[in-house]
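Visitor: A structural model of the following input is requested.
(2 chains)
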Amino acid sequence: MAREFTIATYNVNSIRSRLHIVMPWIEKTRVDVLCLQETKVKDEDFPIEVFKDAGYNVVFKGQKAYNGVAIASRHEIEKTFYGFDDLENSPEDEARLIRCMIQGVVVVNAYVPQGRSIDNPAFQYKLRWCQRIKELFERNYMPQTPLVWCGDLNIAPQPEDVYAPEELEGHVCYNSMVRKAFYDVMGLGFTDLFRRFNPGPGHYTFFDYRVPNGIKRHMGWRIDHVLATEEMAGLATGSYIDMETRLADKPSDHAVLAASFLIV
DNA sequence: ATGGTCGACTCTCGA
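Guide: Sure thing, here's the model as predicted:
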């Protein structure tokens, strides 16, 4: 018997400052799995009890003030891994990458480094990070593994994913190097689920706080993604951006991005 | 316009 399975991703920009959005959202949607980025909290201060009281299990890894990822689930969380399984793995990587298995589905939650500027070492780290996640997928999973990779990838893959492609060309989140890095990983067989269900420009997950009236002026970026292996893409039924979470009181600069599946 | 980002943290950095 097939049943609906929903998964969402949300860069919260501090989980403790966003509980007023996150908790009502999960109680309203009863989402099965929620991937969070930029939790900005040390593990000992993560609000586990708040999730537990809402009926969600949660796994997480963070750092003081920066980065931090978490996966919350209504179901049992199995086989959790933090960071990369390579020789370069660092505490920062562990606060940017978390993966587990839920209801037989592999869930990979990534907060890809932003890169700061093209000439900054952080940008090389970003490109290397994309290569490393590709290698992680190749080492650990088969193309037919039911897997959903989501998160804040800090990459707008196509011109329609940014509000002004000509003007923004060369930005750390929109340039030929990151596009190539993105499509290298996608070449393993991933489907961009949001794009599949929502063609055309004007769909954004991120509006910079610093752009005055950015939302009203449609000055956004589609840098958060829900990507699925062929196995999972075949079961997908839809994907949407919830702009209400971006328009809420004291919002994150990102919106929630969700996708749904019919799993057996 | 008398504003004009936000969060964590020690005051300035990162996004």
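Visitor: Which residues of the stretch 1-150 of chain A lie near DNA strand B?
Guide: In this structure, the stretch 1-150 of chain A approaches DNA strand B at residues A:13-14, A:16-17, A:40-42, A:64-66, A:113-114, A:116, A:122, judged by CB under 7 Å from any atom of the strand. (Glycine included, C-beta is placed from N, CA and C.)
Visitor: any chance of the residues you listed in a markdown table, with neighbour count, pLDDT and secondary structure too?
Guide: Converted to a markdown table, these look like this (neighbours: other CB atoms under 10 Å; pLDDT from 0 to 100; DSSP: H, G, I helix; E, B strand; the rest coil):
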| residue | neighbour count | pLDDT | secondary structure |
| --- | --- | --- | --- |
| A:13 | 17 | 98 | coil |
| A:14 | 14 | 98 | coil |
| A:16 | 13 | 98 | coil |
| A:17 | 13 | 98 | coil |
| A:40 | 21 | 98 | coil |
| A:41 | 22 | 98 | coil |
| A:42 | 14 | 98 | coil |
| A:64 | 11 | 96 | coil |
| A:65 | 10 | 96 | coil |
| A:66 | 12 | 97 | coil |
| A:113 | 21 | 98 | coil |
| A:114 | 17 | 98 | coil |
| A:116 | 13 | 97 | coil |
| A:122 | 15 | 98 | helix |
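Visitor: Please report how far the closest residue to DNA strand B within the stretch 151-264 of chain A lies from residue A:20.
Guide: Closest contact between the stretch 151-264 of chain A and DNA strand B, by CB to the nearest atom of the strand, is at residue A:209 (3.5 Å). Separation of residue A:209 from residue A:20 (CB to CB, to the nearest Å): 17 Å.
Visitor: And residue A:156, by the same measure?
Guide: In this view, residue A:156 and residue A:20 are 28 Å apart by CB to CB.
Visitor: for residue A:26, what are its contacts?
Guide: A:34, A:54, A:56, A:72 (CB atoms under 8 Å, 6 or more residues apart in numbering).
Visitor: in which helix or strand would I find it?
Guide: In this assignment (DSSP states H and E), residue A:26 forms part of helix A:19-29.
Visitor: and that helix, what's its mean pLDDT?
Guide: For helix A:19-29, mean pLDDT rounds to 98.
Visitor: same check, this time on stretch A:44-63
Guide: Rounded mean pLDDT across stretch A:44-63 is 98.
Visitor: Determine how far the last residue of that stretch lies from the first.
Guide: 10 Å (CA to CA, to the nearest Å).
Visitor: Pull out the buried residues from it.
Guide: A:46-48, A:50-51, A:54, A:56-63 (16 or more other CB atoms under 10 Å).
Visitor: Now tabulate the residues of the stretch 1-150 of chain A next to DNA strand B in CSV and tack on distance to residue A:261.
Guide: Formatted as CSV, those follow (distance: CB to CB, whole Å):
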residue, distance to residue A:261
A:13, 27
A:14, 29
A:16, 30
A:17, 30
A:40, 30
A:41, 30
A:42, 33
A:64, 36
A:65, 35
A:66, 32
A:113, 29
A:114, 29
A:116, 35
A:122, 35
